[in-house]
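*Asks:* Sequence and computational prediction follow.
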Amino acid sequence: MILLDTHVALWLTADSSSLGKRSRRIAAHAAASDQLAISAVSFWEIALLIAKGRLRPPETAQEMRRRILREGAIELPLTGEIAILAAELGGLHADPADRFIAATAIIHDATLITADERLLKSRHIPRKQNAET
């Protein structure tokens, strides 16, 4: 399974050149085999970015969610198990969304595609893919 970090999902749906060719191929292959995922927390994070004016998409957060899911991503819920693991992960920065996304990758044994240097360097996440490659 491939898990998209929030910014990666945004890059993928916007067809941004920030997303590297290899990561784009991995995501496309995962979507074709029903193995592309996004954490429900990413939709919370997108909604917050829009509410704060830091993200100004041509659509609402709800419409973005529907489009991301329609394009092949599976939504993974935030569970108690993920929440507890997120709190227990040492060495990660305090951003709750990143902690939940990291824990989701671990619990689901997924490869996390991210450009976040702290997540890429985390010893807790066994499989990572640099989104910029």
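*Replies:* That came through, no problem. Numbering: from 1, shown residues only.

*Asks:* who's in contact with the closest residue to residue 19 other than its chain neighbours?
*Replies:* Closest residue in space to residue 19, ignoring its immediate chain neighbours: residue 11 at 4.1 Å, by Cβ to Cβ, 6 or more residues apart in numbering. (Each C-beta comes from the backbone N, C-alpha and C, glycine too.) Counting by Cβ atoms under 8 Å, 6 or more residues apart in numbering, residue 11 makes contact with 18-19, 131.

*Asks:* Filter those down to just the buried residues.
*Replies:* Neighbour counting with 16 or more other Cβ atoms under 10 Å marks 19, 131 as buried within those.

*Asks:* Residue 99 reaches residue 90, doesn't it?
*Replies:* No: with contact defined as Cβ atoms under 8 Å, residue 99 does not count as touching residue 90 (10.7 Å).

*Asks:* who's more crowded, these two?
*Replies:* Using other Cβ atoms under 10 Å, the more surrounded residue of residue 99 and residue 90 is residue 99, with 22 against 7.

*Asks:* rewinding a little: helix, strand, or coil at the residue nearest to residue 19?
*Replies:* helix (DSSP: H, G, I helix; E, B strand; the rest coil).

*Asks:* Tell me how far it lies from residue 46.
*Replies:* 12 Å (Cβ to Cβ, to the nearest Å).

*Asks:* same thing with residue 70?
*Replies:* Between residue 70 and residue 46 the computed distance is 15 Å (Cβ to Cβ).

*Asks:* Among those two, which residue is more densely surrounded?
*Replies:* Taking neighbours as other Cβ under 10 Å, residue 70 and residue 46 compare with residue 46 leading, 24 against 9.

*Asks:* which residues touch the nearest residue to that one once chain neighbours are set aside?
*Replies:* Leaving aside its chain neighbours, residue 46 sits nearest to residue 61 (5.2 Å; criterion: Cβ to Cβ, 6+ apart). Residue 61 sits next to 43, 46-47, 50 when contact means Cβ under 8 Å, 6+ apart.
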